[in-house]
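A.B. asks: fold the following for me, if possible:
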Amino acid sequence: MQLPIYFISDVHLMLEDTAKEQRKRESLYRFLNLVRTTRGTLFFVGDLFDFYFEYPDMIPKAYFDFYNKAYQLKKAGVNLKFMAGNHDYWVLEFMKEKIMDSTYFDDTTFSTKGKNFYITHCHMKEL
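C.D. replies: Just a heads-up that it's a prediction; the model follows:
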């Protein structure tokens with residue numbers, strides 16, 4: 001696991017191009033630019049999109065700017081990890097293989113520097 005490790009959750013990128021959405025993306029991209037300077041690991045912990053779908057030969061063009069920014073991070077050496085949330089429907093090969101380094105559809109754990117992490121996206125499970 002590359003250090004430092006960043007976590008971001010519930011961004012809810014929208015399909016529409018409104019002024020509010022543009023401000024949200026600008027804030028997100030400022031954060032991603034900071035992450036790029038450190039070359040660590042970035043976890044997107046669920047609901048990155050408000051509604052995401054992809055087909056084997058089609059992806060939503062409304063997220064092109066995000067795809068580009070994330071791909072540039074990956075090329076710069078940032079390890080991208082994505083945990084699909086309940087709004088991230090139909091994540092297929094494009095996100096799993098081209099954009100992210102790792103994709104999770106359930107809770108995950110990892111250890112680094114003697115610390116154990118349990119990552120979840122608030123899905124209640126029966127114990």
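A.B. asks: got any ranges where the chain has weak pLDDT?
C.D. replies: 123-127 (pLDDT under 70).
A.B. asks: identify the residues contacting the residue nearest the centre of it.
C.D. replies: Nearest to the mean C-alpha position of the chain, by C-alpha atoms, centre = their mean, lies residue 44 at 3.4 Å. Shown in contact with residue 44 (C-beta atoms under 8 Å, 6 or more residues apart in numbering): 8-9, 11, 80-83, 100. For the C-beta atoms, the positions are set from N, CA and C on the backbone; glycine is no exception.
A.B. asks: filter these down to the buried ones and hand me the PyMOL line.
C.D. replies: Those of the contacts of residue 44 that count as buried under 16 or more other C-beta atoms under 10 Å are selected in PyMOL with:
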select buried, resi 9+11+80+81+82+83+100
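A.B. asks: in JSON lines, list the contacts of residue 44 along with distance to residue 30 and secondary structure.
C.D. replies: Formatted as JSON lines, these follow (distance: C-beta to C-beta, whole Å; DSSP: H, G, I helix; E, B strand; the rest coil):
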{"residue": "8", "distance to residue 30": "12", "secondary structure": "strand"}
{"residue": "9", "distance to residue 30": "17", "secondary structure": "coil"}
{"residue": "11", "distance to residue 30": "13", "secondary structure": "coil"}
{"residue": "80", "distance to residue 30": "17", "secondary structure": "strand"}
{"residue": "81", "distance to residue 30": "20", "secondary structure": "strand"}
{"residue": "82", "distance to residue 30": "20", "secondary structure": "strand"}
{"residue": "83", "distance to residue 30": "22", "secondary structure": "strand"}
{"residue": "100", "distance to residue 30": "21", "secondary structure": "coil"}
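A.B. asks: residue 65: which of the contacts of residue 44 is nearest?
C.D. replies: When those are compared for distance to residue 65 (C-beta to C-beta), residue 11 wins out at 12.9 Å.
A.B. asks: wait, doesn't that closest one sit right on residue 31?
C.D. replies: No: in this structure, residue 11 is not within contact of residue 31 by C-beta atoms under 8 Å, at 9.7 Å.
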